[in-house]
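**Student:** sequence plus the predicted model coming up.
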Amino acid sequence: MSKTLVATMMSATGDTQEDYVFTTEDDDIWHKTPINIIRVFAEYVDEKVFPRELVDFEINASFKNEEHKCVTAMGHMVFERGRIPFTLMIGEPKASK
C-alpha cells in the first residue's frame, strides 16, 4: 500500500516556494531516519522534476518530529550549473474537512 507525502521546498534566495506531492510504497516511512525519508523525496525530484538534469542533495541539517510526522531539512540542491540553498519540510497531506 502506498503512502502520500507532501514536501514544501523553499529556496533560500527567496525566489521560490514549491509544493510537491509524491508517494512511497513504504508504509513504515515514519520509522525511518530523517535522511532516509529525504532520500525518498530526492528520488522523486531526480526522476520526475528534473529527469534530464543531474541533481544531488547535500543535507546540512535534518530532524524528524515523530508526533507531527514531519521532517525538516536544510541544505543545497547540487546541479552541474551550481548549488541552490533550500529549506525543506516533508509531511502528510492535511485531511479534508
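**Tutor:** Thanks, I have it.
**Student:** mind listing the strands for this structure?
**Tutor:** Assigned by DSSP state E, the chain shows strands spanning 3-11, 17-24, 55-65, 70-79, 82-91.
**Student:** could those strands be laid out in JSON lines, adding mean pLDDT, mean neighbour count and distance to Arg39?
**Tutor:** Every C-beta, even on glycine, is put in place using the N, C-alpha and C of the backbone. Rendered in JSON lines, the data for the strands of the chain read as follows (pLDDT from 0 to 100; neighbours: other CB atoms under 10 Å; distance: least, CB to CB, whole Å):
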{"stretch": "strand 3-11", "mean pLDDT": "94", "mean neighbour count": "16", "distance to Arg39": "12"}
{"stretch": "strand 17-24", "mean pLDDT": "93", "mean neighbour count": "13", "distance to Arg39": "10"}
{"stretch": "strand 55-65", "mean pLDDT": "95", "mean neighbour count": "14", "distance to Arg39": "8"}
{"stretch": "strand 70-79", "mean pLDDT": "95", "mean neighbour count": "18", "distance to Arg39": "11"}
{"stretch": "strand 82-91", "mean pLDDT": "94", "mean neighbour count": "16", "distance to Arg39": "11"}
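**Student:** tell me which of the ones you listed sits nearest to Thr33.
**Tutor:** strand 55-65 (7.5 Å; CB to CB).
**Student:** what sits against the most centrally placed residue in the chain?
**Tutor:** Taking CA atoms, centre = their mean, the centroid of the chain lies closest to Phe41, which sits 4.2 Å from it. Neighbouring residues of Phe41 by CB atoms under 8 Å, 6 or more residues apart in numbering: Leu5, Ala7, Tyr20, Phe22, Leu88, Ile90.
**Student:** including distance to Phe50, could these go into CSV?
**Tutor:** Listed next are those as CSV, based on distance: CB to CB, whole Å:
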residue, distance to Phe50
Leu5, 18
Ala7, 14
Tyr20, 12
Phe22, 14
Leu88, 15
Ile90, 18
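**Student:** what's the farthest-apart pair in the residues you listed?
**Tutor:** Phe22 and Leu88 (12.4 Å).
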